[in-house]
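Peer 1: Sequence first, then the predicted structure:
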Amino acid sequence: MINDTACPVATDRQGHYRSVLDSVKKRVILCAGTGCIANGSLKVMEAMEAACRLHGTPVSVELRYEDDVTATPLYLSRSGCQGFCQMGPLVTIEPDGILYTSVKPEDCDEIVLRTIIKGERIERLLFKDPASGVICRGVGEIPFYTRQARSVLAPCGSIDPECIEEYLAAGGYQAARHAIEAMAPEEICRLILESGLRGRGGGGFPTGKKWELTRIAAGNIKYIICNGDEGDPGAFMDRSVMEGNPHSVVEGMMIAAKAVGANQGYVYVRMEYPLAVKHMRKAVEDARSQGLLGDAVFGSEFSFDIIIMEGAGAFVCGEETALIASIEGRRGMPDPKPPFPAQKGLMGCPTVINNVETFSTVPLIVRGGPGTLRKVGTPASPGTKTFALTGHVVNTGLIEVPFGTTLRTIIYDIGGGVTGADGKIDPDGFKAVQIGGPSGACLTREHLDLPLDFDSLRSIGAMIGSGGLVVMNHTTCMVRIARYFMQFAQNESCGKCITCREGTRQMLALLDDIVEGNGNAGTLELLQITARVVAKASLCGLGKSAPSPVISTLRHFADEYRAHIVDKRCPAGECQALSRPAIKADQCIGCALCVKSCPVGAITGERRQPHSIDADRCINCRACVAVCKLHAIA
Amino acid sequence: MTATAQITVDGMRVALNGERNLLEVIRKAHIDIPTFCYHSELSIYGACRLCMVDVEGRGLVASCAAIPEDGMVVHTTTDEIREIRRVNLEMLLANHDSDCPSCPKNETCKLRALAARLGVREIRYRNIAVKGQRDTTSPSLVRDPSKCILCGDCVRYCEEVQGIGAIGFCGRGSHSTVSPPFEKGLGNVECVNCGGCATVCPTGAITPADDTAPVWKLLRDPSVTVVAQIAPAVRVALGEVFGLEPGEVVTGRIIAAMKRLGFNQVFDTGFAADLTVVEEAHELLPIVTRGGHNFPLLSSCCPAWVKKAEYFDSDLHDHLSSCRSPQQMFGSLARVQLGPTLPPGKKLAVISIMPCTAKKFEASRPEFSKDGVRDVDVVLTTQELAGMIREAGIQLEELEPASFDLPLGFATGAGLIFGTSGGVSEAVVRYLAAELKVPTPAVAFTEVDGNSGIREASVTLGEHTVSIAVVQGLKNADLVLDTIRKKTCRYDFVEIMACPGGCIGGAGQPVPQKKETRMQRSAGLRQIDSVLPVHKAQDNPFVTDCYARLLKHPGSQEARSLLHTSYFSRKREEEDGIELGDQDRSSTALRVRVCVGTSCYLRGAHNLLQKILAGIEEHELQDAVNVQATFCMETCELGPSVAIGNRWLRSATYEKVMEEINGTLEEQKKHDARVTAS
């Protein structure tokens, strides 16, 4: 464990900057994560600045080291993703602790006049919990936040990600300095191993072990790679960390570099994350200009630098050997393991490759000691994990919870409950939750009280993956969900091994048969066989896990598959080919046009009274749907 | 004493002996683990998943990528493994264009053989693949993507053995294909036509081009006299198709079969190889006698290597022997010697039987045809000739051997060992020894840095020493070529062959079924050399006669015009040029190419081009000259660059270009007049 006095700060600028920061009387923080930007937070920022000037409030939008300590009563700053994306743009006012949600540019005048100048609260902009109806003043009262345990994500909501001084002022880079100046490589590896940190990218391999293997591997040149190629549909944890707290990633990589003896690092970010790329680049440049990267880091003999590489959009490049191939300029395809990257990675040299969240956690451990993570979580999976919570749930967004938290807590307490077809809370609406993206599985009601950690999920054939959580209500057809993920897997298969390339293609064709009503008993059997073979025989982890959505839905929703195949019926009503047209009684005027159009005489009814369709006779030609002038048939 | 490390394979104990992977160990136990993507000479790919085995304590692993460890217990045919193999094959077959009966690879297809072996009797999956377009742009090879199983063997061969990379993967997932860059045809990219891709391809996705149809037509045409030449390597491999052992010499029976097919005369490429020895040795002689090892001569008889040198090594063309390959020496000599002997009204057709797919391209090079007639009309591979013999129902193994026709059918041992790696060098040494009046020394090659693809020998010839390197595989060639560039090369002569083992391992040969096949073929050629009475090219009486009557002496004007050639840079494929006239590409008009790359453009190439076009119109040369604009030739500092025919003008001006054009046209006219007169 280290403290400020024992370990001097990275540069002496930090202390002064902190006093500048402390002098700020009021601070308005606008969330500028991708979600809030999409909702217009940059326009809100402009409007806020204009409103301040209009009402004569002196405001700074940039806090410089050179600034006069007494000259900035109001500081308007941006932050990274605060997680509550659905309610964005988010505006936080400190030190009052007020959080305004869904703020529009036209609200800014009022915010300046009433809240900033007079210190009043504007009720209509506060968050109202849909479950309880309670109006929440700020983060401390909103259930979405109170049930979380934000540590990795904590700085994302407060510090300006583009300002290295803020990171330094918050104690940043002290862990790296301590590791580089005061710790032996093996000591760092041991610390990380003891802390129980496991790779946050999906597999859950002990990070300290990975580092130790790389450290002892023979070779003068070693590399550190940060895997920021987050590609699961519905997952954006790594993006948020890179956007909101990029220096923590840089610092984690520096510590890893010292631990294994690497002098060069790469951050591989997918190019679809332009803001993450921009913030990571700026973080690396700023760190370099402060002497934190490059030759003689902190004036020591240790040198380390980082290159930001943009991926070109291939999902498979999230697989470590494919990612390495991509950096080397080869086609992004996995190589057989062994050899593992720790033995033979980038350019054939021993390489540590961890994901963004893992690196971001490392400085916390060096700062707080081996017990840091163990304050929360489970013995085998200590610490916290970020999840991207989406789907049919009241509060969607980015969350961080201790390992061992149950799905029930996440969905009902943090997520605020499941929404029904009408978008309102439906207490019985829960059907399933998809965890871990295309590599993950669908879990059901029976898993609601399962504590989430690496091992519990693995035991039921699921995985944390990178942490996507998609909640689904009863309107969701599970066969279609399996088909959706299979389509993704098929599109994103690299095409190298027969099993994954042909297997995902054939499984997709079989699922197509089922949702189109062409399935039979053989289809299901073949689907099972294929899923089994692909899971066992594929070359890389992505291929091996590609059938997981199929296997888990087959296991938990066999009835639904059977309904599609035997009864030619889609219980959720999502599969067009299997749904029969029905007449809406309240819209039908009994004109009998449909009766005339029906080639099999399946429609009957009294004249001028609502008609009905005999589902057994209907051949689903949909002629009635086309002919109805009132659109009463669907 | 430590116990020998061993593993247990299906209950049998197998000792480990440095095998690089589990698959090799299992095969040692005489279990033929199925695989598509494992080739001992290529890198581990791990994609076909057929070689998976169950290792106790570890579960399923791909045996090609697993390192054998002492005490491993391996099961190779569990139910789980059988299911994986079958399902994988079934899935491959579902989307495979399975018109097996008409597939050129029908009898040697590994996919078909494995499906039969593993008992796949039903394909439960639907065919959902989009049929790919056949690519017939290459004179040597045909690509049929509908038959490709994406094992990547061809891609790795091209990259790892030849260092070319003319084909690669494109598209992702189920849309993956193996394709030349930008989905161009194989004939329009930097393919050197070696055909190694076709040899390693387990299916019919890449096969040697089939030119038997025109040969059948020529054989049945009464107005044509059809003569053939047979390359040395053919005679030790063709028998394999008829169930004979590799290396068994079937020269006489091939000749007999060809006579039955209707060939009028059958000659030996070995004769032309003897001529090559003489001409090439004369290029080498001054290098040896002058001493100093900084200017090695590079052999030029492998057309794949020559094309590679034209693509990538134009800076080293001064090193490249100007000798045509034996095939082309034979072609031009046959035209000159046999043409005039034909009865009036009869036309001569020259057919080559070659172990090589690149020879098909070589024969099509414009510099090897005169007045629209190619020196060699058609090149057939060993496989194709065997196919014709089989089609005609001729039982080769039962035939009474026949002899080559004379005079072009007499070869010495020197010419015949051309077919195996190291043979060219040895033949040249035999000649040099006689020329320098010293006894013929033994040539013993040793591997360089443990790489069996580069071998070297140092031979003492009286007061002179000649250092020789023998290279197989063009990637290995680059290692030697780089030493020339760095001026650290220690050789006087470098023999370069693209294929493993030299011509006996060519892609036109029957696909080797065993590791030893190539060695057996090589031994076959060595055996012919040892039983022949004459071992030195200069002792060939017909070669001597040829010089006396026609060529005068090695390197003479006559020899240069018939037996030598020149090279040009192929840095830009012809397809990339922009036609400016209305000439069609096949016309015999003189081609003038003006570089309009950025640098040349800035140096006035555009104005120059306009002037040249105007000048050609003014002098009414539109029919004789074909002007093209081309892209950067990468000699920017010497721009503007203009090529007239195969000759490059640097810092070109209008006057220089017109002078060169007129000169070349003049030369051509004189040459044509000479040909007509003779």
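Peer 2: That came through fine.
Peer 1: B:F295 is in contact with B:I287, isn't it?
Peer 2: Yes: using C-beta atoms under 8 Å, B:F295 makes contact with B:I287 at a distance of 6.1 Å. Any C-beta I mention is one placed from the backbone N, CA and C, and that applies to glycine too.
Peer 1: how much space between the residue in chain A positioned nearest to chain B and A:C575?
Peer 2: At 3.1 Å from chain B, A:G495 is the closest residue in chain A, using C-beta to the nearest C-beta. Per C-beta to C-beta, to the nearest Å, A:G495 is found 29 Å from A:C575.
Peer 1: now do B:L609
Peer 2: B:L609 is 64 Å from A:C575, by C-beta to C-beta.
Peer 1: Could you do B:P214 as well?
Peer 2: B:P214 is 58 Å from A:C575, by C-beta to C-beta.
Peer 1: Check B:I287 too.
Peer 2: Counting by C-beta to C-beta, the gap from B:I287 to A:C575 is 79 Å.
Peer 1: likewise B:E655?
Peer 2: 78 Å.
Peer 1: Looking at the two, which has the bigger crowd around it?
Peer 2: A:C575 (21 against 10; other C-beta atoms under 10 Å in any protein chain shown).
Peer 1: Contacts only, for the more buried one.
Peer 2: Neighbour list for A:C575: A:477, A:479-480, A:515-517, A:564 [criterion: C-beta atoms under 8 Å, 6 or more residues apart in numbering or on different chains].
Peer 1: Which of the residues you listed fall within helices?
Peer 2: Counted as lying in helices by DSSP state H, out of the contacts of A:C575, are A:479-480, A:515, A:564.
Peer 1: now those in JSON lines, with neighbour count and pLDDT?
Peer 2: JSON lines is the format used below for the ones in helices among the contacts of A:C575 (neighbours: other C-beta atoms under 10 Å in any protein chain shown; pLDDT from 0 to 100):
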{"residue": "A:V479", "neighbour count": "26", "pLDDT": "95"}
{"residue": "A:R480", "neighbour count": "19", "pLDDT": "94"}
{"residue": "A:V515", "neighbour count": "20", "pLDDT": "94"}
{"residue": "A:H564", "neighbour count": "29", "pLDDT": "94"}
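Peer 1: Closest one to A:I225 out of these, please.
Peer 2: A:R480 (36.3 Å; C-beta to C-beta).
Peer 1: contacting residues around that closest one?
Peer 2: A:515, A:572, A:574-575.
Peer 1: If we ignore the residues flanking it in sequence, what's nearest the residue of the stretch 51-200 of chain B found nearest chain A?
Peer 2: Residue nearest to chain A within the stretch 51-200 of chain B (C-beta to the nearest C-beta): B:S176, separated by 3.1 Å. Once flanking residues are discounted, B:S176 sits nearest to A:G495: 3.1 Å by C-beta to C-beta, 6 or more residues apart in numbering or on different chains.
Peer 1: The one you found looks like it's in a strand, true?
Peer 2: No: judged by DSSP: H, G, I helix; E, B strand; the rest coil, A:G495 forms no part of a strand; its state is coil.
Peer 1: Isn't it up against A:R501?
Peer 2: Yes: contact criterion C-beta under 8 Å: A:G495 and A:R501 qualify, at 4.7 Å.
Peer 1: between those two, what contacts are shared?
Peer 2: B:150, B:173-174, B:176.
Peer 1: more neighbours, B:F295 and B:I287?
Peer 2: For B:F295 versus B:I287, the count of surrounding residues by other C-beta under 10 Å is larger for B:I287: 18 against 15.
Peer 1: for the helix or strand harbouring the more buried one, packing partners?
Peer 2: Assigned by DSSP states H and E, B:I287 belongs to helix B:269-290. Packing partners of helix B:269-290 (3 or more C-beta pairs under 8 Å, 6 or more residues apart in numbering or on different chains; DSSP states H and E): strand B:224-230, strand B:297-298, helix B:326-338, helix B:413-416, helix B:423-435, strand B:464-472, helix B:541-546, helix B:557-563.
Peer 1: how about 6 Å then?
Peer 2: strand B:297-298, helix B:326-338, helix B:413-416, helix B:423-435 (3 or more C-beta pairs under 6 Å, 6 or more residues apart in numbering or on different chains; DSSP states H and E).
Peer 1: The first one - what's its average pLDDT?
Peer 2: Along strand B:297-298, the predicted local confidence has a mean pLDDT of 96.
Peer 1: for the second one, same thing?
Peer 2: Taken as a whole, helix B:326-338 carries a mean pLDDT of 95.
Peer 1: Say whether chain B is contacted by stretch A:517-526.
Peer 2: Yes: using C-beta under 6 Å from any C-beta of the partner chain, stretch A:517-526 reaches chain B at A:L526.
Peer 1: list the buried ones in that stretch?
Peer 2: A:517, A:519, A:523-524, A:526 (16 or more other C-beta atoms under 10 Å in any protein chain shown).
Peer 1: Over to stretch B:252-272?
Peer 2: B:253-259, B:261, B:263-272.
Peer 1: and that stretch, how far apart are its ends?
Peer 2: Start-to-end span of stretch B:252-272 (C-alpha to C-alpha, to the nearest Å) is 19 Å.
Peer 1: cool, and stretch B:645-661?
Peer 2: Using C-alpha to C-alpha, the two ends of stretch B:645-661 sit 9 Å apart.
Peer 1: Please report the average pLDDT across that stretch, rounded to a whole number.
Peer 2: Stretch B:645-661 comes out at a mean pLDDT of 87.
Peer 1: quick revisit: I'd like the helices and strands packed on helix B:269-290 laid out as a markdown table, including mean neighbour count and distance to chain A.
Peer 2: Below are those laid out as a markdown table (neighbours: other C-beta atoms under 10 Å in any protein chain shown; distance: least, C-beta to the nearest C-beta, whole Å):
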| stretch | mean neighbour count | distance to chain A |
| --- | --- | --- |
| strand B:297-298 | 25 | 30 |
| helix B:326-338 | 24 | 37 |
| helix B:413-416 | 30 | 43 |
| helix B:423-435 | 25 | 35 |
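Peer 1: what does the stretch 1-150 of chain A have sitting close to chain B?
Peer 2: Checking the stretch 1-150 of chain A against chain B by C-beta under 6 Å from any C-beta, there are no hits.
Peer 1: go on, chain A?
Peer 2: Counting by C-beta under 6 Å from any C-beta, chain A sits next to chain B at A:331, A:336, A:490-491, A:493, A:495-499, A:501-502, A:505-506, A:509, A:526, A:533, A:536-537, A:539.
Peer 1: if you set the cut-off to 8 Å instead, what comes out?
Peer 2: Residues of chain A lying close to chain B (C-beta under 8 Å from any C-beta of the partner chain) are A:314, A:316, A:331, A:333, A:335-338, A:490-499, A:501-506, A:509, A:522, A:526, A:529-530, A:532-533, A:536-539.
Peer 1: Alright, I will stop here.
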